[in-house]
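**Q** Predicted model, plus sequence, below.
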Amino acid sequence: MTEEKYVLAIDEGTTSARAIIFNHSGQIVSVGQKEFEQIFPRAGWVEHDAVEIWESVREVIGQALSKASINRHQLSAVGITNQRETAVVWDKNTGEPVYNAIVWQDTRTQKICDELAGDEGPDRFKDICGLPLATYFSGPKVKWILDNVEGARAKAEAGDLLFGNMDTWVLWNLTGGVNGGVHVTEPTNASRTMLMDVRKLQWDDSMCEVMGIPKSMLPEIKSSSEVYGKASRESLLIDTPIAGILGDQQAATFGQACFEKGNAKNTYGTGCFMLMNTGQEAVFSENGLLTTVCYKLGDKPTVYALEGSIAVAGSLVQWLRDNLRMFDSAPEIETLATSVEDNGGAYIVPAFSGLFAPYWRPDARGALVGLTRFVNRGHIARAVLEATAYQTREVLDAMNADSGVPLTELKVDGGMTANETLMQFQADQVGVPVIRPVVAETTALGAAYAAGIAVGFWNGEEDVVKNWAEDKRWEPKMDDAERDRLYRNWKKAVTKTFDWVDADVKE
């Protein structure tokens, strides 16, 4: 009798590292998880300790193997998925980062973005990389590190520094680090740097030049599904092929089996991210969405997506828990929200890092509006949940406008989908059924599929479709007049956040 085989996915997220082992049916066998420190040196700055993240990854791999009572010999492959746009620069000779990883939510690079935009505005490079100039993306972060960390630029120009999003950092360490670590990324991550030509899937000389980033720092771009290397002797996964990488939102799209043009999913995590498959064409948005690579399997044609990125969703619940101490655990927000009938007229716009899609307003900051003496904790809790649904509707409206084909259903995943009050309100706002799959961990699952397909564990997209199963759906129930009234007030609330950051506001 042959031993059952599995695939392990490393999910390096924004607040925790996880390792999840999946069987051939796409079911979860075991999970290891560890949170890591969120570092806020000053307003608008968000950092991670990249060494702590790597140590957390090693720890959760051990947890997952131990809980599943299996060893590395039963793993067919390892996939990686990661928080995108979080940039780390390290010394290839010592393996030490020259500075903390700068997180995707960080806004310190706004002046760099403004200078690069010049008279041509934030869309200056959109035709090359599919992205507006924004603090969100990796390129300006790398420029900031080279400009501000003593000795970094000289080391970079001497060829001693490497850059990567967190996928590249994890892969390099997993495959040996200073002892032969593989310095590779793939198109879904590379397409979030502003440094890659989104059509050619190659680093663009003009973008590297304008950002002042030596090309010697950049990882080689391979496909999202192929063997990049084998785990080193220092890891618990010794000799296991590392065979798939997808940025977290593209991984969730893959795990949700969104393989047809027009398929879309929304992931509710730290932020909220909706992706729509646009097929083999890079569609450039007229409505504030991003053009991004959806996935590339081996030698097959590249598949593209439109993306609506919302900076703050689950992290708003965390803020209510940690900063305002309104409850002790995140799930308690639902009990608080259902203690009232509605939002009491209160709206919260969580523009903590400015507003992302579809506005791209770095000058915005969070606002709580519509307050009266009537408003209590329950109303604020409900306003927090509703904010996620309104932001999702704004992105969905933009997608419908860009694609010309209105969505008929919305697949959802991520931690917040456990909140049934939010899911019902989401269906009410978007006016189409909201569908949650049986395996809600679609981000890790997508990375597992990419790796498993590369080594023949799964038979391409058809196995992913076969494994996908619906868990629950929410149908719209709210009458149109109430739906429109709430959304109209939300739009009004959003305008109150604009133009907050100016020359007199100290960030």
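**A** That came through, no problem.

**Q** thought Met276 was touching Met399?
**A** Yes: the pair Met276 / Met399 is scored as a contact, 5.2 Å apart, by CB atoms under 8 Å. To be clear about C-beta, it is placed using only N, CA and C from the backbone, and glycine gets the same treatment.

**Q** quick one: secondary structure of Asp502?
**A** Here Asp502 is coil, with the state taken from DSSP: H, G, I helix; E, B strand; the rest coil.

**Q** so Leu445 makes contact with Asp248?
**A** No: judged on CB under 8 Å, Leu445 makes no contact with Asp248 at a distance of 11.6 Å.

**Q** Same drill for those two, tell me which one is more crowded.
**A** Comparing Leu445 with Asp248 by neighbour count (other CB atoms under 10 Å), the higher total belongs to Leu445, at 32 against 29.

**Q** could you pull out the strands for the stretch 351-500 of the chain?
**A** For the stretch 351-500 of the chain, applying DSSP state E, counting those that start in this stretch gives strands covering 367-369, 410-413, 434-437, 470-474.

**Q** Need those strands in JSON lines (columns: mean neighbour count, mean pLDDT and distance to Gly164).
**A** JSON lines is the format used below for these (neighbours: other CB atoms under 10 Å; pLDDT from 0 to 100; distance: least, CB to CB, whole Å):
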{"stretch": "strand 367-369", "mean neighbour count": "17", "mean pLDDT": "95", "distance to Gly164": "36"}
{"stretch": "strand 410-413", "mean neighbour count": "25", "mean pLDDT": "92", "distance to Gly164": "26"}
{"stretch": "strand 434-437", "mean neighbour count": "22", "mean pLDDT": "94", "distance to Gly164": "30"}
{"stretch": "strand 470-474", "mean neighbour count": "14", "mean pLDDT": "94", "distance to Gly164": "35"}
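
**Q** Which among these is found nearest to Arg84?
**A** Smallest distance to Arg84 across the strands of the stretch 351-500 of the chain (CB to CB): 16.3 Å, for strand 410-413.

**Q** The closest one pairs with which strands?
**A** strand 264-268 (parallel), strand 434-437 (parallel) (DSSP bridges).

**Q** Pull the distance from stretch 382-397 to the chain's centre.
**A** In terms of CA atoms, centre = their mean, to the nearest Å, the centre of stretch 382-397 is set 17 Å apart from its chain centre.

**Q** Mind putting the strands of the stretch 351-500 of the chain into JSON lines with distance to Arg72?
**A** JSON lines is the format used below for the strands of the stretch 351-500 of the chain (distance: least, CB to CB, whole Å):
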{"stretch": "strand 367-369", "distance to Arg72": "50"}
{"stretch": "strand 410-413", "distance to Arg72": "28"}
{"stretch": "strand 434-437", "distance to Arg72": "29"}
{"stretch": "strand 470-474", "distance to Arg72": "31"}
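
**Q** Of those, which is nearest Gly32?
**A** strand 410-413 (19.8 Å).

**Q** one step back: joint contacts of Met276 and Met399?
**A** 264, 306, 407 (CB atoms under 8 Å, 6 or more residues apart in numbering).

**Q** check contacts around the residue nearest to Leu237 when sequence neighbours are not counted.
**A** Leaving out its chain neighbours, the residue that sits closest to Leu237 by CB to CB, 6 or more residues apart in numbering is Ala231, at 3.7 Å. By CB under 8 Å, 6+ apart, the contact list for Ala231 reads 72, 78, 174-175, 237-240, 242.

**Q** Arg72 reaches Thr240, doesn't it?
**A** Yes: with contact defined as CB under 8 Å, Arg72 counts as touching Thr240 (5.3 Å).

**Q** Show me which of those two is the more surrounded one.
**A** Taking other CB under 10 Å, Arg72 and Thr240 do not tie; Thr240 has more neighbours (22 against 16).

**Q** How confident was the prediction at the more buried one?
**A** You'll see Thr240 listed with a pLDDT of 94.

**Q** got it, and Ala50?
**A** Checking the pLDDT column for Ala50, the value is 97.

**Q** ok, now which ones touch the closest residue to Gly354 other than its chain neighbours?
**A** Spatial nearest neighbour of Gly354, chain neighbours left out: Pro362 (4.0 Å); criterion: CB to CB, 6+ apart. Pro362 makes contact with 107, 110, 113, 134-135, 354, 501, according to CB under 8 Å, 6+ apart.

**Q** Compute the mean per-residue pLDDT across the helix ranked longest in the chain, please.
**A** With secondary structure taken from DSSP state H, the chain has its longest helix at helix 377-403. Mean per-residue pLDDT for helix 377-403: 93.

**Q** Flag every buried residue along it.
**A** In terms of neighbour count (16 or more other CB atoms under 10 Å), helix 377-403 has its buried residues at 378-400, 402-403.

**Q** For Asn82, list each beta-bridge partner.
**A** Glu12, Gly247.

**Q** Give me the distance between it and Pro140.
**A** According to CB to CB, to the nearest Å, Asn82 stands 19 Å off from Pro140.

**Q** And these two? Which one has more around it.
**A** Using other CB under 10 Å as the criterion, Asn82 and Pro140 rank with Asn82 on top: 31 against 27.

**Q** Need the shared contacts of Met276 and Met399 in CSV (columns: pLDDT and distance to Ala257).
**A** Below are the shared contacts of Met276 and Met399 laid out as CSV (pLDDT from 0 to 100; distance: CB to CB, whole Å):
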residue, pLDDT, distance to Ala257
Ala264, 87, 12
Leu306, 92, 18
Leu407, 84, 16
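
**Q** Kindly reformat these as a markdown table containing neighbour count.
**A** As requested, these are exported to a markdown table (neighbours: other CB atoms under 10 Å):
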| residue | neighbour count |
| --- | --- |
| Ala264 | 25 |
| Leu306 | 27 |
| Leu407 | 18 |
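
**Q** ok, so of those residues, who is nearest Val438?
**A** When those are compared against Val438 (criterion: CB to CB), the nearest one is Ala264, at 19.0 Å.

**Q** what pairs with the closest one across the strands?
**A** With DSSP bridges as the rule, Ala264 is bridged to Met276.

**Q** quick one: contacts for it?
**A** Going by CB under 8 Å, 6+ apart, Ala264 touches 258, 274-277, 399, 407, 410-411.

**Q** again with Asn189
**A** Residues counted as contacts of Asn189 (CB under 8 Å, 6+ apart) are 82, 84, 165, 167-168, 245, 247.
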